[in-house]
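Student: Got a sequence here, can you model it:
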Amino acid sequence: MIRVVAVDGPAGSGKSTVSQAVATALGLAVLDTGAMYRVVTLAALEAGVDLDDGAALGDLARTAALDLDGGVRLDGRDVRDAIRGPEVTAAVSRVSAHPAVREVLVARQREWATTRGGGVVEGRDIGTVVFPDAPLKIYLTADEVERARRRQRDETAADRTADVRTVAADLARRDRMDATRAASPLTAAADAVVVDTTAMTREEVVAHVVELAHRHLGPAA
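Tutor: Residues are numbered from 1 along each chain as shown. Here you go, the predicted structure:
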């Protein structure tokens, strides 16, 4: 059995922060699948690829020199900041809705976990599509106001100006697109443990997920 902790949830629910901390506590590698879709989106924007052309975007996802080991690189250059910019953020849900893109990246995500014997994998369809047999599935959520506040703090920390109302509107737009897309919509797996992080500290969420992992994961090989 591959020792995968699948972490899903909407933007601002704490997926990335929690996944990193849980992976460290468990001694596992971590994969941010959202970053993969953002890298493909950045590559498409830079190449002038039509964001409604699913076939072309699928080809781009297949050929892009995407590397998430120890950073986020596209064609050998660090794009950690570039993929979090407003243009990519505005376009990523549109790009990730294409089945051709998801098919390519899901295959890459499964290969990543298989070669490592597991890991903490975060995204929006990990427990439902990518690893439906994962021994532990977590669905993180929080109320809309708290998620907007968290994302606004992230934007401020990255020197990107954004007010809470603008961020909240963007999160609502992305939630609608991600939850209603035909390919792999955002939803909690039937057997996922739903964790509402609204009133929880980061440390409380991490401790809870680590405790669940110890109960659900098999021993390391």
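
Student: in this protein, which spans are helices?
Tutor: Using DSSP state H, the helices of the chain run over residues 15-26, 33-47, 54-63, 86-96, 99-116, 144-157, 164-180, 202-216.

Student: so who does the closest residue to Arg110 other than its chain neighbours touch?
Tutor: Once flanking residues are discounted, Arg110 sits nearest to Val130: 6.5 Å by CB to CB, 6 or more residues apart in numbering. For every residue, glycine as well, the C-beta is placed using N, CA and C. Applying CB atoms under 8 Å, 6 or more residues apart in numbering, one finds that Val130 lies in contact with 6, 33, 106, 109-110, 121, 123.

Student: change it to 7 Å
Tutor: Contact analysis of Val130 by CB atoms under 7 Å, 6 or more residues apart in numbering lists 106, 109-110, 121, 123.

Student: can you check Thr187 too?
Tutor: 128, 179.

Student: Against Gly27, how distant is it?
Tutor: Distance of Thr187 to Gly27, computed by CB to CB, to the nearest Å: 30 Å.

Student: now Ala189
Tutor: Noted for Ala189: a distance of 25 Å to Gly27, by CB to CB.

Student: need the contact list for Ala61.
Tutor: Contacts were defined as CB under 7 Å, 6+ apart; by that measure Ala61 touches 40, 101, 104-105.

Student: Next, count neighbours for the nearest residue to it once chain neighbours are set aside.
Tutor: Spatial nearest neighbour of Ala61, excluding adjacent residues (CB to CB, 6+ apart): Val104 at 4.1 Å. By the measure other CB atoms under 10 Å, the count of residues near Val104 is 21.

Student: Pull the contacting residues for Val104.
Tutor: By CB under 7 Å, 6+ apart, the contact set of Val104 is 58, 61-62.

Student: what's the answer for Gly54, then?
Tutor: By CB under 7 Å, 6+ apart, the neighbours of Gly54 are 98-101.

Student: rerun that using 6 Å as the cut-off
Tutor: By CB atoms under 6 Å, 6 or more residues apart in numbering, Gly54 lies in contact with 98, 100.

Student: From Leu68, how far off is it?
Tutor: Taken as CB to CB, the span from Gly54 to Leu68 is 23 Å.

Student: next one: Gly14
Tutor: From Gly14 across to Leu68, the span is 20 Å (CB to CB).

Student: more crowded one of those two?
Tutor: Taking other CB under 10 Å, Gly14 and Leu68 do not tie; Gly14 has more neighbours (24 against 17).

Student: hang on, the more buried one packs against Leu140?
Tutor: Yes. Using CB atoms under 6 Å, Gly14 is in contact with Leu140, at 5.5 Å.
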